[in-house]
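Engineer: this one's structure only:
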């Protein structure tokens, strides 16, 4: 079974993408975000699919608010906890916890029914949607890095990571 065929059956995939001929998508009139959110796996979705309007995704998730916090990572933790109230997100992702190790902060998210590649890609899209709609605010680049069956979200200059090292947090 191809990766594309597997993705089509993921409920979270159907929530974030639609067929190209559906008539809606990334021409959403929303501003571009001023920083990078990069996943540890490169690549773009299948050409015949395009992203659903972020407002529609937030409507499906039942999220209508922004997520202020003491730090960006408090906000991300609150956002992901709110998103996990939706059954598709709670089936796809597990526990969300904020970490602070040696002064470096981040958020760790466990993955339930997603492989590392798709888990990182979908998380990246959920974060970009939140920034586009103003639910999260940040002036720094972020990286979504897979580490085993978990994702670590942390600040990273231009979203880059040292490929020989795992994140410090």
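Structural biologist: Right, received. Where do you want to start? For clarity, every value in this text was computed on a predicted model and none was experimentally measured.

Engineer: Check the gap between the nearest residue to residue 77 once chain neighbours are set aside and residue 54 for me.
Structural biologist: Excluding its sequence neighbours, the residue lying closest to residue 77 (Cβ to Cβ, 6 or more residues apart in numbering) is residue 98, at 4.7 Å. Yep, even glycine has a C-beta here, placed from its N, CA and C like the rest. As judged by Cβ to Cβ, to the nearest Å, residue 98 and residue 54 stand 24 Å apart.

Engineer: go on, residue 122?
Structural biologist: For residue 122, the distance to residue 54 equals 14 Å [Cβ to Cβ].

Engineer: related to what we said a few turns ago, would you confirm that the residue nearest to residue 77 belongs to a strand?
Structural biologist: Yes: according to DSSP: H, G, I helix; E, B strand; the rest coil, residue 98 belongs to a strand.

Engineer: residue ranges with poor pLDDT in the chain?
Structural biologist: 1-9, 18-35, 42-49, 139, 158-169 (pLDDT under 70).

Engineer: how about the longest helix seen in the chain: buried residues?
Structural biologist: If each helix of the chain is counted by residues according to DSSP state H, the longest one is helix 116-132. Neighbour-count burial for helix 116-132, counted by 16 or more other Cβ atoms under 10 Å, picks out 116-132.

Engineer: Hmm, residue 73 and the residue nearest to residue 77 touching each other?
Structural biologist: Yes: with contacts counted by Cβ atoms under 8 Å, residue 98 reaches residue 73, the gap being 5.1 Å.

Engineer: Can you give the contact residues for stretch 91-111?
Structural biologist: 10-12, 71, 73-74, 76-77, 80-81, 84, 112-114, 119, 122-123, 149-155, 167-169 (Cβ atoms under 8 Å, 6 or more residues apart in numbering).

Engineer: Quick one: residues contacting the spatially most central residue of the chain.
Structural biologist: Residue closest to the average C-alpha location in the chain (Cα atoms, centre = their mean): residue 123, at 2.1 Å. Counting by Cβ under 8 Å, 6+ apart, residue 123 makes contact with 39, 93, 109, 144, 151, 153.
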